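1. Fold the following.
(one chain, ligands or ions: 2)
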Amino acid sequence: MTATIIDGKAAAAALRARVGTLAEAFTADSGRKPGLAVVLVGEDAASSVYVRNKGKATLAANMASFEHRLPADTSQAELIALVDALNRDDKVDGILVQLPLPDQLDAQAVLTRIDPEKDVDGFHPVNAGRLATGLNGFVPCTPLGCLMLLRDQLGELAGLNAVVVGRSNIVGKPMAALLTAADCTVTIAHSRTRNLAAHLAHADIVVAAVGRAKFVKGEWIKPGATVIDVGINRTEDGLVGDVDFEGAASVAAAITPVPGGVGPMTIACLLRNTLVAAHRRTGIVLDAQAI
Ligand SMILES: Nc1nc(=O)c2c([nH]1)NC[C@@H]1CN(c3ccc(C(=O)N[C@@H](CCC(=O)O)C(=O)O)cc3)C=[N+]21
Ligand SMILES: [Mg+2]
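-> Residues are numbered from 1 along each chain as shown. Ligands and ions are numbered 1, 2, ... in the order given. As a prediction, the model looks like this:
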């Protein structure tokens, strides 16, 4: 079998276009654009590129972009003061503080300071709790993008066996919550899991988010499975995912590539969450079916 390569770039472009149309309608109704503030502390090269790309995508989707670049030696109090100012700013619907932060800063304290109604990353404990309990909140962008790709590919997910490899607060845990809410039978595997291959042998859906290049081997994949690769690993062979792509593509029904899979969906979902935040904050009704 040769797997279908899931085109995350195309799916993301389509989502960004829908968001852009709805953002224009929001502006006509409210008299202002949905606004996204992105905060970058320090000079990390990869982060700087991500932040620039987010800014471009925000403008292209008819939204306002507010970029705040702070020096690497920014103090906790200074960063908190900026978050507080963004929380108060009515033009700002969404706030994203780019991770990782320099060592002197306490990321959890910063993320918890963001107004949960502006927390378009979905990292605030209030939004994590809402996701865990089935309440409406903000869902982290990467797992939300993965779920959209899975729905595009498979339609109904109920009853399928899903194995999520990785248990981070940013991807693994929220991904497992989303798949559970979609009525999958979910296993969370991680670095201490014994015999990962035995778990994957039953997996109709595999979401790999361990942060180790080519960690998931093709032989472990159940024939006909759908494989979502969240990994972004910079190696001598260039950018590679957490899955041995060649091996997995020969047995899976469908698989996301790296690049061009989950990554572009992450940014598109950030814009989607910002659009939703703008509507919730102003009380303008958004047709959730439209996005
Ligand atoms: N507060 C916060 N929220 C985030 O969502 C967040 C963050 N911090 N810190 C860094 C990670 C990483 N992340 C990516 C987004 C897009 C691509 C992406 O578009 N990747 C492209 C190109 C990859 C490349 O060439 O580098 C692709 O996979 O095709 C990748 C990674 C968001 N993150
Ligand atoms: Mg681990």
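2. rest of the way, CA atoms for contacts and neighbours
-> Fine.
3. residues contacting Thr21?
-> Contacts for Thr21 (CA atoms under 8 Å, 6 or more residues apart in numbering) come out as Ala61, Asn62.
4. Work out for me the element Asn127 sits within.
-> Assigned by DSSP states H and E, Asn127 falls within helix 125-133.
5. Check which residues of that helix are buried.
-> Across helix 125-133, burial judged by 16 or more other CA atoms under 10 Å covers Val126, Asn127, Ala128, Arg130, Leu131, Ala132.
6. Does the fifth one touch Pro174 like I think?
-> Yes: with contacts defined as CA atoms under 8 Å, Leu131 counts as touching Pro174 at a distance of 7.3 Å.
7. Which neighbours do these two have in common?
-> Val139.
8. Next, count neighbours for Arg167.
-> 18 (other CA atoms under 10 Å).
9. hmm, I was thinking of Leu82
-> 14.
10. do the same with Ala176
-> A count of neighbours around Ala176, defined by other CA under 10 Å, yields 25.
11. Show me what the helix or strand hosting it packs onto, helices and strands only.
-> For Ala176, the host element (DSSP H and E) is helix 172-181. Packing contacts for helix 172-181, counted by 3 or more CA pairs under 8 Å, 6 or more residues apart in numbering; DSSP states H and E, involve helix 125-133, helix 141-154, strand 161-165, strand 185-189.
12. Mind doing that once more with 7 Å?
-> Using 3 or more CA pairs under 7 Å, 6 or more residues apart in numbering; DSSP states H and E, the elements in contact with helix 172-181 are strand 161-165, strand 185-189.
13. List the buried residues in the longest helix along the chain.
-> Counting by DSSP state H, the longest helix found in the chain is helix 8-30. Buried residues in helix 8-30, counted by 16+ other CA under 10 Å: 8-9, 11-12, 15-17, 19-20, 22-24, 26.
14. Could you identify the most distant pair in the residues you listed?
-> Spatial extent of the buried residues of helix 8-30 (CA to CA) is set by the pair Gly8 and Phe26 at 26.3 Å.
15. show me the residues around the residue nearest to the spatial centre of the chain that make contact.
-> Nearest residue to the geometric centre of the chain (CA atoms, centre = their mean): Thr142, 1.7 Å. Thr142 sits next to Val171, Thr266 when contact means CA atoms under 7 Å, 6 or more residues apart in numbering.
16. Quick check: residues of the stretch 101-250 of the chain near ligand 1?
-> Asp121 (CA under 6 Å from any ligand atom).
17. mind showing which ranges of the stretch 101-250 of the chain have poor pLDDT?
-> Of all residues in the stretch 101-250 of the chain, none has pLDDT under 70.
18. Quick check, the residue in it closest to ligand 1?
-> Among all residues of the stretch 101-250 of the chain, Asp121 sits closest to ligand 1, at 5.8 Å; criterion: CA to the nearest ligand atom.
19. Count residues in the vicinity of that residue, would you?
-> 25.
20. Skipping its backbone neighbours, what lies nearest it in space?
-> Excluding the flanking residues, the one nearest Asp121 by CA to CA, 6 or more residues apart in numbering is Pro140, at 5.1 Å.
21. could you point out which element follows the helix or strand encompassing Leu86?
-> Following DSSP H and E, one finds Leu86 within helix 76-88. Moving toward the C-terminus from helix 76-88, the next helix or strand (DSSP H and E) is strand 94-97.
22. what pairs with that next one, and is each one parallel or antiparallel?
-> Each strand paired with strand 94-97, and its direction, by DSSP bridges: strand 35-41 (parallel).
23. and the partner strand, anywhere near ligand 1?
-> No: Strand 35-41 lies out of reach of ligand 1 by CA under 6 Å from any ligand atom, never closer than 8.4 Å.
24. Which positions within that strand qualify as buried?
-> Applying 16+ other CA under 10 Å to strand 35-41 flags Gly35, Leu36, Ala37, Val38, Val39, Leu40, Val41 as buried.
25. I'm done for today, thanks for sticking with me.
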